[in-house]
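Colleague: below is the sequence, then the predicted model.
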Amino acid sequence: MAFPASGASAGRVVLITVDGTRLSDWSSPALPGFGALIRDGAVGLLSTRTADNPVAEQPARASAYRTLGAGRISATASPATLTLAAGGAAVVASADSPAKVLGGLKVPVPGGFTAARSRMRSLVAELLRTFHLVVVDIGDSAMRTSLVRVDSFIAGVRSDLAAGDTLIVASSVPPRDRRDARRYLSAVAMVGPGVRPGSLTSSSTERDGIVTIADIAPTILQRLGVPVPKTMTGRPMHVIPDAHALSDLTGLERALLHASIVRGPLLRATVYVGSAVLLLALVTVLAGMSGGAASAWRAALDTVLIATTAVPLLLMLEPLTGNGSIARTGVLLGAVAIVGAAFLRATAGSRRALAGIFAATALVVLGDLVTGGGLAERSPLSYLIVEGARFHGIGNEAMGVAIAASLFSMAGVLDVGLSRQRLTAAAAILALVAILMAAPRIGDKFGAIPAAIPAFAAFVVLATGRRFDLRAALAIAVVTVLGAALVIVVDRAGGGTHIARAVGGGSGEILGRKAGAASRLLAFSYWMTAIVASVAAVTVLAWRRSSLVGRALWGRPAARRAVVCCFVAMAGSVVANDAGVIAAAWIGLFGGATLVSALLSPDPALPSRS
């Protein structure tokens, strides 16, 4: 069989896709070929998220190959970019395989891998005499194909390669059960020149042991000595030496899946309970219930509200408790939140309890962000790595929590005693919080700029006692725009991430995808429950019981202003972030809890409400 010559001039690369598998499948003692690959080379968890993420096997595989070939998550990018850039490639595939998406020379395998396995190894060896890139699609889902046979084939191909060749084995789609649950996580391994035993990573994820399917094409081109096209947003994989890579990745995968499993039930329960308590408290206050049993009722509502505000802090710390079941995790978190809230309320009072929780939450969230996000990586609160939406920085959940917690922490400081020094310190701290969240390579959250800067700036202006007029609004708008421009400049100087792409090439698709996600969340998300409940509680109380609210927050002008600025932050979050409704929900819950708690349990030092 004769094949056209390839234009590639360095090394050779063989990519073998074993779809529908996971790391635990590869590490079976019955698979010595996979075992040697993992032991001698580098291995990683592969994020297989694509632009459309279909569940059915064939559409999922076609979408995966489209993303792999394009080197970017896009529904419109050319999937043949890889083979064109490589100067041609041979794609060995079964007749019904989506491998045709890659382009290049398609070498059909009638009957698939199972029927042709006896001659597959010699076919690959023959192709490597002509091509520098050979892609082998096993074809059948490995859940239905004997992995022992695949293992033997991989071991044989590896033994046929020269010292300068590279072998990459990847599961381009995860098993069906993970796709059903929107958990796009499988496995990838690489062996070749310069590849030492360890874990794989890339600048796409900035996470040890985690790479994306879009990183495979740039890695192949780099191994071939071919420049990576600018249209590819994936980045070449590189190795972090680790003698215990397999066990470390197994533990990481278990933690990531645990965060995904418990996330939904825990967050839904928190949102629904917090929203219900806010509305019950609203009714209680409007009805003027007090004395006797009503006092106990108000105290119970207040305790649950305080516990609700403590949930984000506990979720950030949850990875330290181990990977228990949903029931165990839920019971433990709920018990700690309620008991802790009751203790703090009894010993320090509601006002100080909330202040302490807000301060601790801000310190933990931002401290973890600065130190690399070790807690956020595995936390049910922060970005969900198994869904492939974000791998580093700060997610919408933590952003909303950090904004609200920082606002009310600074409000507590200013309400203790307002002075120029305190106001300057509060302004500096809030500016630092905004910088950390938005800065490339740290928070990497461009949407934090319109969410945090206007709210923080308005709070500082109001805290000075100045009237908030058109001049102040224009000044805040200018500061916000300048902040955004500075982040874009810094991001581009550092090589560019999704921020630079959003204002450059591909901006239409990126913004369209974000707008679609935002619309779905606004229309159907349970997070809207928290937004509606908090906005309703604050608005109705300010409208119907304005004098009561004034007395409840007497001596706390900064807290009152922080509640107002929460609305600014909520609006900025929703408008500027694809999942900003999540951030807005947490901001609303914190703001609503602060106001309503003051009405349910007034400070005994304050004037009488009668």
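Modeller: Arrived safely, thanks for sending. Just so it is clear, the model here is predicted, and its values are computed rather than measured. Numbering: from 1, shown residues only.
Colleague: any idea how far S27 is from T250?
Modeller: From T250 across to S27, the span is 7 Å (CB to CB, to the nearest Å). For every residue, glycine as well, the C-beta is placed using N, CA and C.
Colleague: ok, H238 - how many residues close by?
Modeller: Using other CB atoms under 10 Å, H238 has 18 neighbouring residues.
Colleague: I figured it hits S204, correct?
Modeller: No. Applying CB atoms under 8 Å, one finds H238 not in contact with S204, separated by 11.2 Å.
Colleague: centre of the chain to the one helix or strand S573 maps to, how far?
Modeller: In this structure, S573 sits in helix 557-576 according to DSSP states H and E. Distance of helix 557-576 from the chain centroid (CA atoms, centre = their mean, to the nearest Å) equals 23 Å.
Colleague: and that helix, what does it pack onto?
Modeller: helix 396-416, helix 448-463, helix 527-544, helix 580-600 (3 or more CB pairs under 8 Å, 6 or more residues apart in numbering; DSSP states H and E).
Colleague: can you redo those as TSV with mean pLDDT?
Modeller: Output for the helices and strands packed on helix 557-576, formatted as TSV (pLDDT from 0 to 100):
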stretch	mean pLDDT
helix 396-416	95
helix 448-463	94
helix 527-544	92
helix 580-600	94
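Colleague: output the contacting helices and strands for the helix or strand containing V134.
Modeller: Per DSSP H and E: V134 is located in strand 133-137. Contacts defined by 3+ CB pairs under 8 Å, 6+ apart place strand 133-137 against strand 13-17, strand 90-93, helix 112-127.
Colleague: how about the ones you listed in TSV, adding distance to F391?
Modeller: Shown next, in TSV, are the helices and strands packed on strand 133-137 (distance: least, CB to CB, whole Å):
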stretch	distance to F391
strand 13-17	22
strand 90-93	29
helix 112-127	32
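Colleague: out of those, flag the one nearest G412.
Modeller: Nearest of the helices and strands packed on strand 133-137 to G412, taken as CB to CB: strand 13-17 at 55.2 Å.
Colleague: contact partners of the closest one?
Modeller: Contacts to strand 13-17, defined as CB atoms under 8 Å, 6 or more residues apart in numbering, come from residues 124, 128, 132-138, 153-154, 157, 161, 165-172, 192, 216, 220, 223-224.
Colleague: one more time with 6 Å
Modeller: Here strand 13-17 makes contact (CB atoms under 6 Å, 6 or more residues apart in numbering) with 133-137, 166-170, 172, 220, 223.
Colleague: so which of the residues you listed sits lowest on pLDDT?
Modeller: Least confident by pLDDT among those: that is D137, with 89.
Colleague: I figured that one hits A93, correct?
Modeller: Yes. Contact criterion CB atoms under 6 Å: D137 and A93 qualify, at 4.3 Å.
Colleague: sec struct for T233, please.
Modeller: For T233, the secondary structure call by DSSP: H, G, I helix; E, B strand; the rest coil comes out as coil.
Colleague: residues near it, how many?
Modeller: For T233, using other CB under 10 Å, the count is 22.
Colleague: what do you get for D248?
Modeller: With other CB under 10 Å as criterion, D248 counts 17.
Colleague: tell me where this structure has strands.
Modeller: Using DSSP state E, the strands of the chain run over 13-17, 42-47, 90-93, 105-108, 133-137, 166-170, 185-191, 198-201, 210-212, 238-241.
Colleague: quick check: which of the ones you listed is nearest to S74?
Modeller: Per CB to CB, nearest to S74 of the strands of the chain: strand 210-212, 12.7 Å.
Colleague: quick one: strands adjacent to that closest one?
Modeller: strand 42-47 (parallel) (DSSP bridges).
Colleague: what's the distance between the partner strand and the middle of its chain?
Modeller: Per CA atoms, centre = their mean, the centroid offset for strand 42-47 relative to its chain is 17 Å.
Colleague: who's in contact with it?
Modeller: Contacts with strand 42-47, where a contact means CB under 6 Å, 6+ apart, come from 170, 184-190, 195, 198-200, 209-212, 239, 245, 249, 253, 388.
Colleague: that one vs strand 166-170, what angle?
Modeller: 40 degrees (axes from the mean of the first three to the mean of the last three CA atoms, to 10 degrees).
Colleague: re the thing from before, the strand holding V134 pairs with which strands, parallel or anti?
Modeller: Short version: by DSSP bridges, strand 133-137 pairs with strand 13-17 (parallel), strand 90-93 (parallel).
Colleague: can I get it as PDB, trimmed to CA atoms?
Modeller: Provided in PDB are the C-alpha atoms of strand 133-137 (Å, rounded to 0.1, in the frame of the first residue of the first chain):
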ATOM      1  CA  LEU A 133       1.500  11.700  12.300                       C
ATOM      2  CA  VAL A 134      -0.800   8.600  12.600                       C
ATOM      3  CA  VAL A 135      -4.100   8.700  14.400                       C
ATOM      4  CA  VAL A 136      -5.600   5.400  15.400                       C
ATOM      5  CA  ASP A 137      -9.200   5.400  16.400                       C
END
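Colleague: gap between stretch 565-582 and the chain center?
Modeller: 17 Å.
Colleague: for stretch 351-370, same thing?
Modeller: Centroid separation for stretch 351-370 versus its chain: 21 Å, with CA atoms, centre = their mean.
Colleague: same deal with stretch 150-157?
Modeller: Worked out by CA atoms, centre = their mean, stretch 150-157 lies 36 Å from the chain centre.
Colleague: buried residues in it?
Modeller: Neighbour counts over stretch 150-157 (16 or more other CB atoms under 10 Å) mark V150, D151, S152, F153, I154, A155, G156, V157 as buried.
Colleague: so can I have TSV of those showing distance to F468 and pLDDT?
Modeller: As requested, these are arranged in TSV below (distance: CB to CB, whole Å; pLDDT from 0 to 100):
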residue	distance to F468	pLDDT
V150	67	91
D151	68	93
S152	73	92
F153	70	92
I154	66	94
A155	71	94
G156	73	93
V157	69	94
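Colleague: out of these, which sit inside helices?
Modeller: V150, D151, S152, F153, I154, A155, G156, V157 (DSSP state H).
Colleague: what's the closest non-adjacent residue to the fifth one?
Modeller: Taking CB to CB, 6 or more residues apart in numbering, and ignoring the residues beside it in sequence, I154 has G33 as its nearest neighbour in space, at 4.5 Å.
Colleague: residue contacts, that neighbour?
Modeller: G33 touches D151, I154, A155, counting by CB under 6 Å, 6+ apart.
Colleague: same deal with V226?
Modeller: The neighbourhood of V226, defined by CB under 6 Å, 6+ apart, consists of A85.
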